[in-house]
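>>> Quick one, fold the following:
(chains A and B)
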Amino acid sequence: MLDCYDIAEKLRLTSKLMELHDGNEFKIKSLAGAAFRLSKMHLAPEDFTEEKVAQQEGIGKSIAKTIVEIAHAGTSKELDKLLGETPAGVVEMLSIKGIGPKKVKQLWKELVVESPGDLLYACYENRLVDLKGFGQKTQESIKQSIEFMQVASGKAHYATVEELADGFVEELKELQYVSNISLTGDIYRKNETLSSIDILIASDEVFEQEFKSPLPINLIFVTEEEFYYELVKTSSASEHLTKIKFDSLTDKNFLSEEDVYKALNQSYFIPEWRDGLFDEEIQKKYPTHLIEEKDLKGILHNHSTYSDGANTLEEMATYCKELGYEYFGIADHSKSATYANGLKEDRIVTQHKEIDELNKKLAPFKILKGTECDILYDGSLDYSNEVLSAFDYIVASIHQHFKMDEEKATARLIKAIENPYTTILGHPTGRLLLGRPGYPINHKKVIDACAANNVIMELNAHPYRLDIDWRWIPYCVEKGVKISINPDAHEKKGFHDMHFGTCVARKGLLTKDYCFNALGLAEIESYLKNA
DNA sequence: GCCGTTTTCGGCCCGACTGTTTTCAGTCG
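Model (predicted):
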(Lines give C-alpha, C1' and ligand atoms only; values in the text may rest on other atoms or scores of the structure.)
Protein backbone atom coordinates (compact mmCIF):
# COMPACT_ATOMS: atom_id res chain seq x y z
CA MET A 1 0.00 0.00 0.00
CA LEU A 2 1.41 3.32 -1.05
CA ASP A 3 1.53 6.32 1.24
CA CYS A 4 0.14 9.77 0.50
CA TYR A 5 3.36 11.12 -0.88
CA ASP A 6 3.86 8.28 -3.35
CA ILE A 7 0.26 8.45 -4.52
CA ALA A 8 0.64 12.19 -4.96
CA GLU A 9 3.66 11.59 -7.18
CA LYS A 10 1.59 9.30 -9.38
CA LEU A 11 -1.18 11.89 -9.60
CA ARG A 12 1.34 14.55 -10.48
CA LEU A 13 2.78 12.32 -13.20
CA THR A 14 -0.72 11.66 -14.51
CA SER A 15 -1.41 15.38 -14.78
CA LYS A 16 1.91 16.06 -16.52
CA LEU A 17 1.27 13.28 -19.01
CA MET A 18 -2.21 14.61 -19.67
CA GLU A 19 -0.63 17.93 -20.44
CA LEU A 20 1.74 16.28 -22.93
CA HIS A 21 -1.25 14.72 -24.63
CA ASP A 22 -3.40 17.85 -24.83
CA GLY A 23 -5.78 16.95 -22.02
CA ASN A 24 -8.35 19.35 -20.63
CA GLU A 25 -6.42 22.08 -18.86
CA PHE A 26 -8.81 22.37 -15.92
CA LYS A 27 -8.79 18.65 -15.37
CA ILE A 28 -5.00 18.82 -15.40
CA LYS A 29 -5.05 21.60 -12.84
CA SER A 30 -7.38 19.86 -10.48
CA LEU A 31 -5.25 16.73 -10.61
CA ALA A 32 -2.14 18.76 -9.87
CA GLY A 33 -3.96 20.54 -7.07
CA ALA A 34 -5.15 17.26 -5.58
CA ALA A 35 -1.61 15.90 -5.80
CA PHE A 36 -0.26 18.95 -3.99
CA ARG A 37 -2.78 18.61 -1.16
CA LEU A 38 -2.39 14.87 -0.88
CA SER A 39 1.39 15.10 -0.64
CA LYS A 40 0.96 17.03 2.60
CA MET A 41 -1.58 14.72 4.13
CA HIS A 42 -0.95 11.75 6.37
CA LEU A 43 -3.78 9.33 6.02
CA ALA A 44 -3.91 6.01 7.80
CA PRO A 45 -4.42 2.94 5.60
CA GLU A 46 -8.02 2.58 6.78
CA ASP A 47 -8.76 6.11 5.55
CA PHE A 48 -8.22 5.16 1.93
CA THR A 49 -11.86 4.77 1.01
CA GLU A 50 -13.50 6.80 -1.70
CA GLU A 51 -15.89 8.44 0.78
CA LYS A 52 -13.20 9.58 3.18
CA VAL A 53 -10.73 10.73 0.55
CA ALA A 54 -13.43 12.71 -1.26
CA GLN A 55 -14.05 14.73 1.89
CA GLN A 56 -10.68 16.39 1.46
CA GLU A 57 -10.54 19.89 0.04
CA GLY A 58 -9.88 19.88 -3.68
CA ILE A 59 -10.53 16.18 -4.07
CA GLY A 60 -13.83 15.13 -5.55
CA LYS A 61 -15.46 11.83 -6.35
CA SER A 62 -13.48 11.13 -9.48
CA ILE A 63 -10.01 11.81 -8.13
CA ALA A 64 -10.85 10.05 -4.88
CA LYS A 65 -11.57 6.94 -6.90
CA THR A 66 -8.23 7.26 -8.67
CA ILE A 67 -6.40 7.75 -5.36
CA VAL A 68 -7.89 4.61 -3.85
CA GLU A 69 -7.07 2.71 -7.02
CA ILE A 70 -3.43 3.84 -6.90
CA ALA A 71 -3.17 3.18 -3.16
CA HIS A 72 -3.99 -0.47 -3.69
CA ALA A 73 -2.72 -1.24 -7.18
CA GLY A 74 0.27 1.11 -7.29
CA THR A 75 -1.03 2.65 -10.48
CA SER A 76 -4.24 3.58 -12.24
CA LYS A 77 -5.73 2.57 -15.56
CA GLU A 78 -5.56 6.15 -16.71
CA LEU A 79 -1.88 6.46 -15.78
CA ASP A 80 -1.02 3.19 -17.48
CA LYS A 81 -2.79 4.29 -20.63
CA LEU A 82 -0.89 7.58 -20.71
CA LEU A 83 2.43 5.84 -20.04
CA GLY A 84 1.68 3.48 -22.88
CA GLU A 85 1.25 6.42 -25.23
CA THR A 86 4.48 8.13 -24.20
CA PRO A 87 8.06 7.03 -24.96
CA ALA A 88 9.84 6.13 -21.71
CA GLY A 89 12.55 8.69 -22.44
CA VAL A 90 9.98 11.47 -22.74
CA VAL A 91 8.61 10.48 -19.33
CA GLU A 92 12.18 10.75 -18.01
CA MET A 93 12.46 14.20 -19.52
CA LEU A 94 9.65 15.32 -17.22
CA SER A 95 12.02 14.96 -14.29
CA ILE A 96 14.62 17.32 -15.71
CA LYS A 97 14.86 20.32 -13.45
CA GLY A 98 13.95 23.60 -15.09
CA ILE A 99 11.56 22.30 -17.70
CA GLY A 100 7.97 21.35 -17.17
CA PRO A 101 5.41 19.54 -19.29
CA LYS A 102 4.95 22.46 -21.70
CA LYS A 103 8.59 22.61 -22.67
CA VAL A 104 8.91 18.83 -22.74
CA LYS A 105 5.98 18.71 -25.10
CA GLN A 106 7.57 21.31 -27.34
CA LEU A 107 10.89 19.45 -27.41
CA TRP A 108 9.20 16.16 -28.12
CA LYS A 109 6.85 17.40 -30.83
CA GLU A 110 8.96 20.09 -32.49
CA LEU A 111 12.50 18.70 -32.16
CA VAL A 112 11.55 15.00 -32.01
CA VAL A 113 13.71 14.67 -28.90
CA GLU A 114 12.70 11.49 -27.09
CA SER A 115 15.05 11.08 -24.13
CA PRO A 116 17.29 13.11 -21.82
CA GLY A 117 20.25 11.78 -23.81
CA ASP A 118 18.74 13.03 -27.07
CA LEU A 119 18.05 16.33 -25.42
CA LEU A 120 21.56 16.78 -24.11
CA TYR A 121 22.96 16.27 -27.56
CA ALA A 122 20.41 18.67 -29.03
CA CYS A 123 21.77 21.24 -26.57
CA TYR A 124 25.28 20.56 -27.80
CA GLU A 125 24.12 21.09 -31.34
CA ASN A 126 22.57 24.38 -30.35
CA ARG A 127 19.14 23.32 -31.50
CA LEU A 128 17.07 24.62 -28.57
CA VAL A 129 17.80 28.31 -28.91
CA ASP A 130 15.55 28.73 -31.93
CA LEU A 131 12.47 27.24 -30.28
CA LYS A 132 9.86 29.74 -29.17
CA GLY A 133 10.21 30.44 -25.47
CA PHE A 134 13.70 28.96 -25.31
CA GLY A 135 17.01 30.76 -25.40
CA GLN A 136 20.70 30.45 -24.69
CA LYS A 137 20.24 30.42 -20.92
CA THR A 138 17.47 27.87 -20.95
CA GLN A 139 19.54 25.62 -23.18
CA GLU A 140 22.53 25.94 -20.87
CA SER A 141 20.52 25.20 -17.74
CA ILE A 142 18.91 22.16 -19.36
CA LYS A 143 22.35 20.92 -20.35
CA GLN A 144 23.57 21.27 -16.81
CA SER A 145 20.49 19.59 -15.36
CA ILE A 146 20.93 16.56 -17.58
CA GLU A 147 24.65 16.33 -16.95
CA PHE A 148 23.85 16.44 -13.27
CA MET A 149 21.28 13.67 -13.66
CA GLN A 150 23.78 11.51 -15.49
CA VAL A 151 26.44 12.04 -12.89
CA ALA A 152 23.89 11.44 -10.17
CA SER A 153 23.16 8.10 -11.75
CA GLY A 154 26.74 7.20 -10.93
CA LYS A 155 28.50 7.55 -14.27
CA ALA A 156 30.21 10.25 -16.24
CA HIS A 157 31.82 10.62 -19.64
CA TYR A 158 35.59 10.46 -19.69
CA ALA A 159 35.73 13.99 -21.05
CA THR A 160 33.77 15.33 -18.08
CA VAL A 161 36.36 14.27 -15.51
CA GLU A 162 39.68 14.05 -17.37
CA GLU A 163 40.91 17.50 -16.44
CA LEU A 164 39.55 17.29 -12.93
CA ALA A 165 41.26 13.97 -12.23
CA ASP A 166 44.61 15.24 -13.51
CA GLY A 167 44.16 18.19 -11.18
CA PHE A 168 43.63 15.90 -8.17
CA VAL A 169 46.83 14.04 -8.98
CA GLU A 170 48.76 17.30 -9.22
CA GLU A 171 47.29 18.42 -5.92
CA LEU A 172 48.20 15.21 -4.10
CA LYS A 173 51.67 15.16 -5.62
CA GLU A 174 52.47 18.23 -3.54
CA LEU A 175 51.98 16.38 -0.27
CA GLN A 176 55.37 15.58 1.24
CA TYR A 177 54.56 12.01 2.25
CA VAL A 178 53.44 11.08 -1.28
CA SER A 179 56.46 9.60 -3.06
CA ASN A 180 54.71 8.41 -6.23
CA ILE A 181 51.25 8.81 -7.68
CA SER A 182 49.24 7.94 -10.77
CA LEU A 183 45.71 7.60 -11.99
CA THR A 184 44.76 3.97 -12.30
CA GLY A 185 41.70 1.86 -13.08
CA ASP A 186 39.23 2.75 -15.85
CA ILE A 187 40.27 6.36 -16.14
CA TYR A 188 43.91 5.38 -16.66
CA ARG A 189 42.77 3.13 -19.49
CA LYS A 190 40.85 6.10 -20.91
CA ASN A 191 37.58 4.20 -20.96
CA GLU A 192 34.77 6.20 -22.54
CA THR A 193 32.51 6.23 -19.49
CA LEU A 194 33.55 6.01 -15.85
CA SER A 195 31.97 5.31 -12.49
CA SER A 196 34.91 6.27 -10.27
CA ILE A 197 38.25 8.01 -10.30
CA ASP A 198 40.95 5.67 -9.00
CA ILE A 199 44.25 7.09 -7.82
CA LEU A 200 47.22 4.97 -6.79
CA ILE A 201 49.45 6.53 -4.15
CA ALA A 202 52.82 5.43 -2.81
CA SER A 203 52.98 6.83 0.67
CA ASP A 204 54.07 5.93 4.19
CA GLU A 205 50.91 7.46 5.47
CA VAL A 206 47.33 6.57 4.73
CA PHE A 207 45.25 9.73 4.67
CA GLU A 208 41.88 11.03 3.61
CA GLN A 209 41.30 13.94 1.31
CA GLU A 210 38.18 15.91 0.47
CA PHE A 211 37.57 16.50 -3.24
CA LYS A 212 34.81 18.25 -5.05
CA SER A 213 34.10 15.61 -7.63
CA PRO A 214 31.11 14.34 -9.57
CA LEU A 215 32.36 10.76 -9.23
CA PRO A 216 33.56 8.86 -6.17
CA ILE A 217 37.33 8.96 -5.71
CA ASN A 218 39.19 5.85 -4.63
CA LEU A 219 42.58 6.45 -3.12
CA ILE A 220 44.62 3.23 -3.15
CA PHE A 221 47.68 3.25 -0.90
CA VAL A 222 50.76 1.09 -1.57
CA THR A 223 54.44 1.07 -0.67
CA GLU A 224 56.92 2.88 -2.86
CA GLU A 225 58.66 -0.40 -3.84
CA GLU A 226 55.49 -2.09 -5.03
CA PHE A 227 54.03 0.96 -6.80
CA TYR A 228 54.51 -0.20 -10.41
CA TYR A 229 53.44 -3.75 -9.66
CA GLU A 230 50.25 -2.36 -8.16
CA LEU A 231 49.82 0.14 -10.98
CA VAL A 232 49.73 -2.57 -13.62
CA LYS A 233 47.48 -4.67 -11.41
CA THR A 234 44.94 -1.96 -10.54
CA SER A 235 44.85 -0.48 -14.02
CA SER A 236 44.10 -3.76 -15.77
CA ALA A 237 40.86 -5.57 -16.45
CA SER A 238 40.95 -9.06 -14.95
CA GLU A 239 40.92 -10.59 -18.46
CA HIS A 240 44.17 -8.85 -19.22
CA LEU A 241 45.81 -9.97 -15.99
CA THR A 242 44.84 -13.55 -16.75
CA LYS A 243 46.19 -13.41 -20.29
CA ILE A 244 49.56 -11.98 -19.25
CA LYS A 245 49.77 -14.48 -16.34
CA PHE A 246 50.20 -11.65 -13.90
CA ASP A 247 49.84 -14.05 -10.97
CA SER A 248 53.07 -15.76 -11.95
CA LEU A 249 55.08 -12.81 -10.72
CA THR A 250 56.97 -13.54 -7.52
CA ASP A 251 58.83 -10.28 -7.21
CA LYS A 252 56.81 -7.11 -6.62
CA ASN A 253 59.58 -4.56 -6.82
CA PHE A 254 59.85 -2.80 -10.17
CA LEU A 255 61.16 0.52 -11.42
CA SER A 256 58.57 1.05 -14.12
CA GLU A 257 55.46 -0.44 -15.72
CA GLU A 258 57.61 -1.60 -18.64
CA ASP A 259 59.73 -3.62 -16.22
CA VAL A 260 56.65 -5.46 -15.01
CA TYR A 261 55.87 -6.61 -18.56
CA LYS A 262 59.53 -7.48 -19.15
CA ALA A 263 59.51 -9.73 -16.11
CA LEU A 264 56.43 -11.43 -17.55
CA ASN A 265 58.24 -11.87 -20.86
CA GLN A 266 55.55 -9.79 -22.59
CA SER A 267 55.73 -6.81 -24.90
CA TYR A 268 54.62 -3.63 -23.19
CA PHE A 269 50.90 -2.81 -23.00
CA ILE A 270 50.12 0.87 -22.69
CA PRO A 271 47.31 1.49 -20.17
CA GLU A 272 44.74 1.96 -22.98
CA TRP A 273 45.29 -1.67 -23.99
CA ARG A 274 44.68 -3.27 -20.63
CA ASP A 275 41.03 -4.12 -21.21
CA GLY A 276 42.08 -7.60 -22.22
CA LEU A 277 40.40 -7.50 -25.64
CA PHE A 278 43.20 -7.57 -28.18
CA ASP A 279 46.06 -9.07 -26.22
CA GLU A 280 46.91 -11.70 -28.83
CA GLU A 281 46.84 -9.21 -31.70
CA ILE A 282 49.13 -6.88 -29.81
CA GLN A 283 51.53 -9.71 -29.07
CA LYS A 284 51.59 -10.84 -32.69
CA LYS A 285 51.81 -7.42 -34.27
CA TYR A 286 52.77 -4.55 -32.05
CA PRO A 287 51.41 -1.42 -33.78
CA THR A 288 54.36 0.44 -35.19
CA HIS A 289 52.99 3.94 -35.25
CA LEU A 290 49.99 4.19 -32.99
CA ILE A 291 47.99 7.28 -33.90
CA GLU A 292 48.74 10.49 -32.00
CA GLU A 293 47.00 13.85 -32.11
CA LYS A 294 49.95 15.43 -33.84
CA ASP A 295 49.50 13.00 -36.76
CA LEU A 296 46.12 14.50 -37.63
CA LYS A 297 46.50 16.90 -40.53
CA GLY A 298 42.96 18.08 -41.04
CA ILE A 299 39.47 18.06 -39.60
CA LEU A 300 36.52 16.75 -41.56
CA HIS A 301 32.84 16.75 -40.54
CA ASN A 302 32.18 20.14 -38.98
CA HIS A 303 29.18 22.45 -38.90
CA SER A 304 28.74 26.20 -39.23
CA THR A 305 25.96 28.74 -38.92
CA TYR A 306 24.82 27.61 -42.35
CA SER A 307 23.12 24.74 -40.51
CA ASP A 308 23.15 24.27 -36.74
CA GLY A 309 26.65 25.41 -35.80
CA ALA A 310 27.37 28.31 -33.46
CA ASN A 311 30.28 29.82 -35.42
CA THR A 312 30.45 31.07 -38.99
CA LEU A 313 32.25 29.21 -41.71
CA GLU A 314 35.04 31.76 -41.62
CA GLU A 315 35.40 31.60 -37.84
CA MET A 316 35.56 27.82 -37.90
CA ALA A 317 38.07 27.67 -40.76
CA THR A 318 40.27 30.40 -39.34
CA TYR A 319 40.40 28.75 -35.94
CA CYS A 320 41.16 25.40 -37.54
CA LYS A 321 44.06 27.00 -39.37
CA GLU A 322 45.28 28.64 -36.15
CA LEU A 323 45.37 25.22 -34.51
CA GLY A 324 47.90 24.17 -37.14
CA TYR A 325 45.78 21.97 -39.36
CA GLU A 326 46.21 21.94 -43.16
CA TYR A 327 42.56 21.68 -44.10
CA PHE A 328 39.04 22.06 -42.78
CA GLY A 329 36.11 20.10 -44.12
CA ILE A 330 32.72 21.72 -43.75
CA ALA A 331 29.89 19.21 -43.61
CA ASP A 332 26.72 21.06 -42.76
CA HIS A 333 23.42 19.21 -42.60
CA SER A 334 21.43 18.35 -45.69
CA LYS A 335 17.94 19.55 -46.55
CA SER A 336 15.92 16.84 -44.77
CA ALA A 337 17.48 17.81 -41.44
CA THR A 338 14.99 20.62 -41.03
CA TYR A 339 15.45 20.69 -37.25
CA ALA A 340 19.11 21.59 -37.90
CA ASN A 341 18.47 24.14 -40.63
CA GLY A 342 19.81 21.77 -43.28
CA LEU A 343 20.89 23.32 -46.58
CA LYS A 344 18.53 23.42 -49.53
CA GLU A 345 20.23 23.33 -52.92
CA ASP A 346 20.37 27.10 -53.42
CA ARG A 347 22.18 27.62 -50.12
CA ILE A 348 24.82 25.08 -51.12
CA VAL A 349 25.66 27.29 -54.09
CA THR A 350 26.00 30.28 -51.75
CA GLN A 351 28.19 28.34 -49.37
CA HIS A 352 30.45 27.10 -52.15
CA LYS A 353 30.94 30.65 -53.38
CA GLU A 354 31.94 31.73 -49.90
CA ILE A 355 34.34 28.80 -49.61
CA ASP A 356 36.02 29.78 -52.89
CA GLU A 357 36.50 33.30 -51.57
CA LEU A 358 37.80 32.14 -48.19
CA ASN A 359 40.19 29.73 -49.84
CA LYS A 360 41.87 32.60 -51.68
CA LYS A 361 42.28 34.35 -48.36
CA LEU A 362 43.45 31.38 -46.29
CA ALA A 363 45.73 29.59 -48.79
CA PRO A 364 47.67 27.35 -48.60
CA PHE A 365 45.18 26.26 -45.93
CA LYS A 366 42.09 24.89 -47.61
CA ILE A 367 38.40 24.47 -46.89
CA LEU A 368 37.03 21.28 -48.40
CA LYS A 369 33.43 21.26 -49.59
CA GLY A 370 31.56 18.53 -47.81
CA THR A 371 28.09 17.77 -46.55
CA GLU A 372 26.71 15.62 -43.80
CA CYS A 373 24.08 14.12 -46.01
CA ASP A 374 21.14 12.45 -44.31
CA ILE A 375 20.59 8.81 -45.03
CA LEU A 376 16.86 8.65 -45.64
CA TYR A 377 14.51 5.95 -44.40
CA ASP A 378 15.16 3.72 -47.41
CA GLY A 379 18.94 4.18 -47.41
CA SER A 380 19.05 6.69 -50.24
CA LEU A 381 20.86 10.00 -49.82
CA ASP A 382 19.18 13.35 -49.31
CA TYR A 383 20.43 15.08 -52.49
CA SER A 384 20.30 14.17 -56.17
CA ASN A 385 23.46 12.83 -57.82
CA GLU A 386 23.91 16.11 -59.60
CA VAL A 387 23.97 18.01 -56.30
CA LEU A 388 26.15 15.38 -54.63
CA SER A 389 28.73 15.69 -57.39
CA ALA A 390 29.24 19.35 -56.48
CA PHE A 391 30.91 18.37 -53.18
CA ASP A 392 34.49 17.30 -52.54
CA TYR A 393 33.26 14.61 -50.16
CA ILE A 394 30.10 13.25 -48.57
CA VAL A 395 29.63 12.16 -44.97
CA ALA A 396 26.51 10.00 -44.97
CA SER A 397 24.75 9.81 -41.60
CA ILE A 398 21.47 8.71 -40.08
CA HIS A 399 19.58 11.30 -38.04
CA GLN A 400 16.01 10.16 -38.30
CA HIS A 401 14.01 6.94 -37.97
CA PHE A 402 16.10 5.36 -35.25
CA LYS A 403 13.66 2.65 -34.37
CA MET A 404 14.65 -0.08 -36.78
CA ASP A 405 15.57 -3.66 -36.15
CA GLU A 406 19.11 -4.80 -36.88
CA GLU A 407 18.34 -6.26 -40.28
CA LYS A 408 16.59 -3.15 -41.56
CA ALA A 409 19.09 -0.69 -40.09
CA THR A 410 22.00 -2.67 -41.52
CA ALA A 411 20.42 -2.85 -44.98
CA ARG A 412 19.73 0.86 -44.83
CA LEU A 413 23.37 1.65 -44.00
CA ILE A 414 24.70 -0.70 -46.65
CA LYS A 415 22.56 0.93 -49.30
CA ALA A 416 24.05 4.30 -48.33
CA ILE A 417 27.55 2.82 -48.36
CA GLU A 418 26.97 1.46 -51.85
CA ASN A 419 26.04 4.93 -53.10
CA PRO A 420 29.01 5.91 -55.28
CA TYR A 421 29.02 9.42 -53.81
CA THR A 422 29.47 8.33 -50.20
CA THR A 423 32.98 9.06 -48.92
CA ILE A 424 32.61 8.56 -45.17
CA LEU A 425 30.00 6.75 -43.11
CA GLY A 426 29.14 9.12 -40.24
CA HIS A 427 28.55 7.93 -36.64
CA PRO A 428 27.46 4.45 -37.73
CA THR A 429 25.28 3.51 -34.75
CA GLY A 430 23.93 6.90 -33.68
CA ARG A 431 24.61 6.03 -30.05
CA LEU A 432 24.94 8.62 -27.30
CA LEU A 433 27.01 7.30 -24.43
CA LEU A 434 24.97 7.35 -21.19
CA GLY A 435 22.17 8.68 -23.35
CA ARG A 436 20.78 6.21 -25.85
CA PRO A 437 22.02 2.93 -27.25
CA GLY A 438 21.86 3.75 -30.95
CA TYR A 439 20.25 1.59 -33.61
CA PRO A 440 21.32 -2.01 -33.70
CA ILE A 441 23.55 -2.87 -36.66
CA ASN A 442 25.54 -5.84 -37.83
CA HIS A 443 28.99 -4.30 -37.59
CA LYS A 444 30.76 -6.93 -39.66
CA LYS A 445 28.36 -6.59 -42.58
CA VAL A 446 28.58 -2.81 -42.47
CA ILE A 447 32.38 -2.82 -42.31
CA ASP A 448 32.56 -5.42 -45.09
CA ALA A 449 30.38 -3.15 -47.22
CA CYS A 450 32.70 -0.22 -46.53
CA ALA A 451 35.62 -2.36 -47.63
CA ALA A 452 33.86 -3.44 -50.81
CA ASN A 453 32.82 0.12 -51.72
CA ASN A 454 35.92 1.97 -50.61
CA VAL A 455 34.06 3.94 -47.95
CA ILE A 456 35.85 5.39 -44.94
CA MET A 457 34.53 4.75 -41.44
CA GLU A 458 34.04 7.69 -39.15
CA LEU A 459 35.24 7.60 -35.60
CA ASN A 460 33.08 10.42 -34.32
CA ALA A 461 35.25 12.07 -31.68
CA HIS A 462 32.51 13.78 -29.74
CA PRO A 463 32.96 12.38 -26.22
CA TYR A 464 29.27 11.44 -26.12
CA ARG A 465 29.46 9.48 -29.35
CA LEU A 466 32.87 7.88 -29.91
CA ASP A 467 31.10 6.03 -32.70
CA ILE A 468 32.29 3.70 -34.34
CA ASP A 469 33.08 1.90 -31.12
CA TRP A 470 36.86 1.44 -30.84
CA ARG A 471 36.38 -2.29 -30.31
CA TRP A 472 35.58 -2.55 -34.03
CA ILE A 473 38.65 -0.70 -35.28
CA PRO A 474 40.86 -3.80 -35.55
CA TYR A 475 38.23 -5.40 -37.78
CA CYS A 476 38.11 -2.27 -39.95
CA VAL A 477 41.89 -2.34 -40.30
CA GLU A 478 41.85 -6.06 -41.04
CA LYS A 479 39.45 -5.35 -43.92
CA GLY A 480 41.44 -2.35 -45.10
CA VAL A 481 38.81 0.20 -44.09
CA LYS A 482 40.37 3.52 -43.10
CA ILE A 483 39.16 5.48 -40.10
CA SER A 484 38.48 9.21 -40.11
CA ILE A 485 38.63 10.83 -36.67
CA ASN A 486 35.98 13.55 -36.90
CA PRO A 487 34.93 15.94 -34.13
CA ASP A 488 31.45 16.74 -35.51
CA ALA A 489 32.25 20.23 -34.23
CA HIS A 490 29.30 22.59 -33.91
CA GLU A 491 31.48 25.40 -32.59
CA LYS A 492 35.16 26.28 -32.55
CA LYS A 493 35.97 24.56 -29.30
CA GLY A 494 34.52 21.34 -30.67
CA PHE A 495 37.80 20.81 -32.54
CA HIS A 496 39.41 19.89 -29.24
CA ASP A 497 37.29 16.74 -29.13
CA MET A 498 39.83 15.29 -31.56
CA HIS A 499 41.72 14.46 -28.37
CA PHE A 500 38.99 12.09 -27.17
CA GLY A 501 38.70 10.48 -30.58
CA THR A 502 42.42 9.86 -30.54
CA CYS A 503 42.27 8.36 -27.04
CA VAL A 504 39.83 5.66 -28.10
CA ALA A 505 41.44 5.21 -31.51
CA ARG A 506 44.57 4.21 -29.60
CA LYS A 507 42.53 1.76 -27.56
CA GLY A 508 41.45 0.30 -30.88
CA LEU A 509 45.08 -0.02 -32.05
CA LEU A 510 44.66 2.51 -34.86
CA THR A 511 47.91 3.36 -36.59
CA LYS A 512 48.71 6.49 -38.55
CA ASP A 513 48.60 4.51 -41.81
CA TYR A 514 44.95 3.63 -41.36
CA CYS A 515 43.80 7.06 -40.25
CA PHE A 516 42.23 8.92 -43.16
CA ASN A 517 42.75 12.43 -41.86
CA ALA A 518 46.38 11.73 -41.08
CA LEU A 519 46.76 12.35 -44.81
CA GLY A 520 48.13 15.75 -45.74
CA LEU A 521 46.15 18.16 -47.90
CA ALA A 522 47.72 17.14 -51.21
CA GLU A 523 47.20 13.45 -50.47
CA ILE A 524 43.62 13.85 -49.35
CA GLU A 525 42.75 15.99 -52.37
CA SER A 526 44.20 13.45 -54.72
CA TYR A 527 42.32 10.69 -52.90
CA LEU A 528 39.02 12.59 -53.18
CA LYS A 529 39.59 13.35 -56.83
CA ASN A 530 40.13 9.70 -57.67
CA ALA A 531 37.50 8.25 -55.38
C1' DG B 1 -12.36 17.59 -12.56
C1' DC B 2 -13.78 20.51 -8.48
C1' DC B 3 -16.47 23.75 -6.33
C1' DG B 4 -20.27 26.47 -4.76
C1' DT B 5 -24.34 28.07 -4.67
C1' DT B 6 -27.58 33.75 -6.27
C1' DT B 7 -28.61 25.20 -6.83
C1' DT B 8 -26.74 22.68 -11.93
C1' DC B 9 -23.26 25.79 -14.79
C1' DG B 10 -19.41 29.08 -15.08
C1' DG B 11 -15.25 30.10 -13.09
C1' DC B 12 -11.39 27.98 -11.23
C1' DC B 13 -5.45 30.00 -9.95
C1' DC B 14 -0.64 31.80 -4.57
C1' DG B 15 3.35 34.73 -5.71
C1' DA B 16 8.19 35.02 -6.78
C1' DC B 17 11.48 34.22 -10.13
C1' DT B 18 13.63 33.55 -14.50
C1' DG B 19 14.25 34.12 -19.16
C1' DT B 20 12.42 35.61 -23.00
C1' DT B 21 9.98 38.96 -24.29
C1' DT B 22 8.67 43.98 -25.33
C1' DT B 23 4.20 42.62 -21.81
C1' DC B 24 4.31 37.57 -20.80
C1' DA B 25 4.80 32.31 -20.19
C1' DG B 26 6.52 28.63 -17.69
C1' DT B 27 8.32 26.70 -13.55
C1' DC B 28 8.72 26.11 -8.72
C1' DG B 29 8.08 25.95 -3.92
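
>>> Check the gap between the one residue in the stretch 401-531 of chain A that gets nearest to DNA strand B and residue A:269 for me.
Of all residues in the stretch 401-531 of chain A, residue A:491 sits closest to DNA strand B, at 17.1 Å by CB to the nearest atom of the strand. Placement of C-beta: from N, CA and C, glycine included. If you measure residue A:491 against residue A:269 using CB to CB, to the nearest Å, the figure is 36 Å.

>>> which one of these two has more residues nearby?
For the pair residue A:491 and residue A:269, the greater number of neighbours falls to residue A:269 (26 against 19), based on other CB atoms under 10 Å.

>>> pLDDT score assigned to the more buried one?
You'll see residue A:269 listed with a pLDDT of 94.

>>> Assign a three-state SS to it, would you?
coil (DSSP: H, G, I helix; E, B strand; the rest coil).

>>> which residues does it contact?
By CB atoms under 8 Å, 6 or more residues apart in numbering, residue A:269 lies in contact with A:240, A:244, A:261, A:279, A:282.

>>> any chance of the residues you listed in a markdown table, plus neighbour count?
Shown next, in a markdown table, are the contacts of residue A:269 (neighbours: other CB atoms under 10 Å):
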| residue | neighbour count |
| --- | --- |
| A:240 | 20 |
| A:244 | 23 |
| A:261 | 17 |
| A:279 | 18 |
| A:282 | 18 |
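
>>> Out of those residues, which sit inside helices?
Per DSSP state H, helices hold the following members of the contacts of residue A:269: A:240, A:261, A:279, A:282.

>>> I'd like those written out as TSV, with distance to residue A:72 added.
Output for the ones in helices among the contacts of residue A:269, formatted as TSV (distance: CB to CB, whole Å):
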residue	distance to residue A:72
A:240	53
A:261	63
A:279	56
A:282	60
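
>>> Could you export those residues to CSV, including columns for pLDDT and distance to DNA strand B?
As requested, those are exported to CSV (pLDDT from 0 to 100; distance: CB to the nearest atom of the strand, whole Å):
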residue, pLDDT, distance to DNA strand B
A:240, 96, 45
A:261, 96, 53
A:279, 86, 49
A:282, 81, 49
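
>>> most residues in a single strand of chain A, which one?
Using DSSP state E, we find that the single longest strand of chain A is strand A:366-374.

>>> Buried ones in the following helix or strand past that one, by neighbour count?
Going down the chain from strand A:366-374, the next helix or strand is helix A:385-388, by DSSP states H and E. By neighbour count on 16 or more other CB atoms under 10 Å, the buried set for helix A:385-388 is A:387-388.

>>> Next: stretch A:312-322.
Within stretch A:312-322, the residues that count as buried by 16+ other CB under 10 Å are A:313-314, A:316-321.

>>> ditto for stretch A:271-288
Neighbour counts over stretch A:271-288 (16+ other CB under 10 Å) mark A:271-279, A:282, A:287 as buried.

>>> Quick check, the residue in chain A closest to DNA strand B?
Across chain A, the shortest distance to DNA strand B (CB to the nearest atom of the strand) belongs to residue A:135, at 2.0 Å.

>>> picking that back up, residue A:62: which of the ones in helices among the contacts of residue A:269 is nearest?
Nearest to residue A:62 out of the ones in helices among the contacts of residue A:269 is residue A:240 (CB to CB; 61.7 Å).

>>> Might one say that that closest one is in contact with residue A:270?
No. Between residue A:240 and residue A:270 there is no contact under CB atoms under 8 Å: 11.8 Å.

>>> if we can go back for a sec, among the buried residues of stretch A:271-288, which pair sits farthest apart?
Spatially, the most separated pair among these is A:276 and A:287, at 16.9 Å (CB to CB).
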